[in-house]
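Asks: Structure of the sequence below:
(2 chains)
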Amino acid sequence: MKFARLILVNLLRNKRRTILTVLSVAVALFLFATLRSVVTALDAAGEVGSEARLITRSATGITFALPQSYYERLRAQEGVRGVSWANWFGGVYVDERNFFAQFAVDAETYLAMYPEMQMPEEQRQAFLAERTAALVGSGLMQRFGWSLGQDVTLQGTIFTGDWTFTIRAVYTPDDPSFGDQMFFFHYDYLYERTNRQIIPGWYVIQLADPAAAPEVSDRIDRMFQNSSNPTQTETERAFNTGFMTMWGNIGFLVRAVGTAVFFAILFVAANTMMMAARERIGENAILKTLGFQDGLLFALTLVEATVITVLGGLLGVFGAKALFRPGNPMNSFIPGFQVEWSTVALGVTIALLLGFVSGFVPAWQAKRLSVVQALRRVA
Amino acid sequence: MKIPLVYNLRSIRERPVSTLMTAAGMALVVAVFVAMMALSNGFQAAMVRTGAADNVIVLRKGANAEMYSGISRNTVSIIAGMPFVAHDAANQPLVSPEVFVVIGLARVTGGLANVVVRGVSQRAIDVRKGIEIVAGRSFRSGASEIIVGKTIVGRFPNTDIGETLSFGGRDWTVVGHFAADGSSFESEIWGENEQFMPVFRGEVFQSVTFRLDDPSAFAAVEQTLEEDPRLYVDAFREREFYENQSVLLGQILNFIAVFIAGVMAIGAVFGAINTMYAAVSSRGPEIAVLLTLGFKPGNVLSSFLIEAVIIALLGGLVGCLLTLPINGIVTSTTNWNSFSEVAFAFRVTPRLLLNGLIFAVAMGLLGGFFPARRAAKQLVAQALREA
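Replies: Numbering: from 1, shown residues only, chains lettered A, B, ... in the order given. Below is the predicted model:
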């Protein structure tokens, strides 16, 4: 610890250089934290689905619906505690850019199945009681500045015409990864207005025992295998994970960019440390003459490099953490986008590593420095 | 009087390690920038090429995607009989009524992908330019035969010629592979519309695409179609229709490219500033000599700026070279408009490489400016005393 002052003085001797290097490490680690948070948020969104719920959809394709008669047949299955169903609505609010997910759901059974959506009891009752009522996520309410009781008109794309709903309930998810940007309304209303032309898009099944998921989904798919509407059943979590992979190989993209960022900043930091070391050849020679051991000089240089990168790293990851608090605007694209503590820890570790690697060559040179030659150069 | 370029080149050679490290940092920034833009570029090119400028696609009114639409046989025959539809040599209207569905298909690598299955008429290949059977032959009318786009081949099992794919409760024999000029059609499976109708959605088409007799008359055609009381449709230029599907994702990708490269660039510029300040401070006496010889401070300023730009350009060139191997690599994402997977290739274009170099030069100028200004403001007497 007694050398802390020496390190500090060395760091402050070229303030501009130290500050610029700290800042460049900071922006790199900021970028790292942001990119990794995209991955962790997408992973979390994939995992938010319950293992205790199954999704049964048409085996033909995601846009094919299933007969209403399946409801009773699914309910009669052993190990099934509850069944609900939903349809994708795909309406447009004012402009196509205002995309958000809208579902027509069998309200009573659906709400019973998703305790993740929390709302005041009177709002729940108001939503259930009114055929044209809508249940809206708190984030979506905020995004469009809607208020409870307001009428919202969606333009149908699958189901033609203008559809007006009254917001009767607002839900808050108990886990941010669940998403607060969804819009629900009554399947009954859709059914009526389409002259009873629709059938459920997919079924959601509540299992009595999550461990029975493979067995139950197998049994369901076998039951409908030879019907005209074969099904594909998987846990909600598997379904969501599959959905996330539709974006493409984001994980690989982030890793590739992350690696490039690491090396780009390694070059900057290593360059700085080498420039600093070059200026100090004479001094190091004097320190050695005064009796400083080789190993000590090696350590001092390494610590100096590490102080710079860790300072930058802390600035970068905590900057990202402060900027992407829960409820930041990115949440409308990626539910639950925020910087996890694991990302902070990893970022600081990377900064440490950056310090060791960038400081190693100058530290080695300081250790190997021959006093006689160095002093001759100074003189 | 200008300070000769050779002075900068020699100075750079004096400090090879520091120069290379600064350039390498910038090279990585440029490489990331160009690679990300190539991704966005490739996706947009695949979507834009899907549509032809002189084709019109007709959907049910209000349906903003093919899969939401429904078009009756009656509508098709009304449209086919309209005067602005182009005809081929045999005087047949160039009209393709199509069935469009998205099915789940297991990938070779595991997991389900959503793939477009398009039922077309035999005319579809004439209506759309650039469709080419690259292996095998086209499907026969009345047979359970399909042709698959070339990016489907290899990514999904049972897609080689002679093999059988099962979907919609029937078995389909693959009889050909087709290319479509790199467009998103290459990610689709095509068969006869009359065969697909009964197995999927019954007696309804999803869209009608026809060739315009006079491409410049689109506005009038659109009006005629949308105002015809017998029809309930929206008409789009085919090119714009597919282009619009790429706009949002394209913008997101561009934004991500600029964001990532921009943030990285800040770090690299700080590094360049450090390097150039070090260069300036170690060459105090040299600068003083230059000034004494009669070079103006402005000359010194531009000389150091040029030096910074040379280092940056070196980095930019290396960065561009690094991205060349990714050109043509096929990757895939989802077209959210149709919920289907689109395969496309990274496209590194000369234009993009030029942008990468411009990006590098900008970093060099930013990184070099303050150190160069300091060099120019150096006091001769003081600098010489240091020597």
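Asks: do you know how far A:Val80 is from chain B?
Replies: 23 Å (C-beta to the nearest C-beta, to the nearest Å). To be clear about C-beta, it is placed using only N, CA and C from the backbone, and glycine gets the same treatment.
Asks: and what of A:Leu190?
Replies: Distance, A:Leu190 to chain B, by C-beta to the nearest C-beta: 14 Å.
Asks: Pretty sure that residue sits against A:Phe103.
Replies: No - contact criterion C-beta atoms under 8 Å: A:Leu190 and A:Phe103 do not qualify, at 9.9 Å.
Asks: overlap in contacts of those two?
Replies: Contact criterion C-beta atoms under 8 Å, 6 or more residues apart in numbering or on different chains; residues shared by A:Leu190 and A:Phe103: A:87, A:89.
Asks: what about the residue in chain B that chain A sits nearest to, which helix or strand?
Replies: Chain B approaches chain A most closely through B:Gly271 (3.3 Å), counting by C-beta to the nearest C-beta. Taking DSSP states H and E as the criterion, the element that holds B:Gly271 is helix B:238-282.
Asks: Past that helix, which element shows up next along the chain?
Replies: Following helix B:238-282 in sequence order, the next helix or strand is helix B:284-292 (DSSP H and E).
Asks: got the angle for the helix or strand that that following helix is followed by vs helix B:238-282?
Replies: The helix or strand immediately downstream of helix B:284-292 is helix B:297-323, counting by DSSP H and E. With axes from the mean of the first three to the mean of the last three C-alpha atoms, to 10 degrees defining the directions, helix B:297-323 sits at 130 degrees from helix B:238-282.
Asks: which ones are touching A:Gly161?
Replies: Neighbouring residues of A:Gly161 by C-beta under 8 Å, 6+ apart: A:155, A:193, B:62.
Asks: residues in contact with the residue lying closest to the first one once chain neighbours are set aside?
Replies: Right, A:Gln155. The shortest distance from A:Gln155 to any non-neighbouring residue, by C-beta to C-beta, 6 or more residues apart in numbering or on different chains, is to A:Val92 (4.5 Å). If you count contacts by C-beta under 8 Å, 6+ apart, A:Val92 has them with A:98, A:154-155, A:157, B:64.
Asks: Test for you: state the pLDDT assigned to A:Val92.
Replies: With respect to pLDDT, A:Val92 has a value of 92.
Asks: count of neighbours near residue 123?
Replies: All of this refers to chain A. Look at A:Gln123: counted by other C-beta atoms under 10 Å in any protein chain shown, it has 17 neighbours.
Asks: try chain B instead
Replies: Close neighbours of B:Arg123, defined as other C-beta under 10 Å, add up to 19.
Asks: what pLDDT does it get?
Replies: Listed pLDDT for B:Arg123 reads 85.
Asks: Now do the contacts for it.
Replies: B:Arg123 makes contact with B:92, B:94-96, according to C-beta under 8 Å, 6+ apart.
Asks: if we go to 7 Å?
Replies: B:94-96 (C-beta atoms under 7 Å, 6 or more residues apart in numbering or on different chains).
Asks: Please pick the buried ones from those residues.
Replies: Among the contacts of B:Arg123, those scoring as buried are B:94-96 (criterion: 16 or more other C-beta atoms under 10 Å in any protein chain shown).
Asks: Any residues of the stretch 251-387 of chain B in contact with chain A? List them.
Replies: Applying C-beta under 7 Å from any C-beta of the partner chain, we find that the stretch 251-387 of chain B lies next to chain A at B:260, B:263-264, B:266-268, B:270-271, B:273-275, B:277-278, B:331-334, B:339.
Asks: In chain A, what residue spans correspond to helices?
Replies: For chain A, the helices defined by DSSP state H cover A:4-13, A:15-47, A:70-75, A:107-113, A:121-129, A:138-144, A:187-193, A:213-224, A:236-244, A:250-279, A:281-289, A:294-323, A:341-368, A:371-378.
Asks: swap in the stretch 101-250 of chain B?
Replies: For the stretch 101-250 of chain B, the helices defined by DSSP state H, counting those that start in this stretch cover B:124-127, B:193-199, B:218-227, B:238-282.
Asks: got any ranges where the chain has weak pLDDT?
Replies: No chain was given, so I picked chain A. Where chain A drops to pLDDT under 70, the residues are A:1, A:377-379.
Asks: not quite, I wanted chain B
Replies: Those would be B:383, B:386-387, if you go by pLDDT under 70 across chain B.
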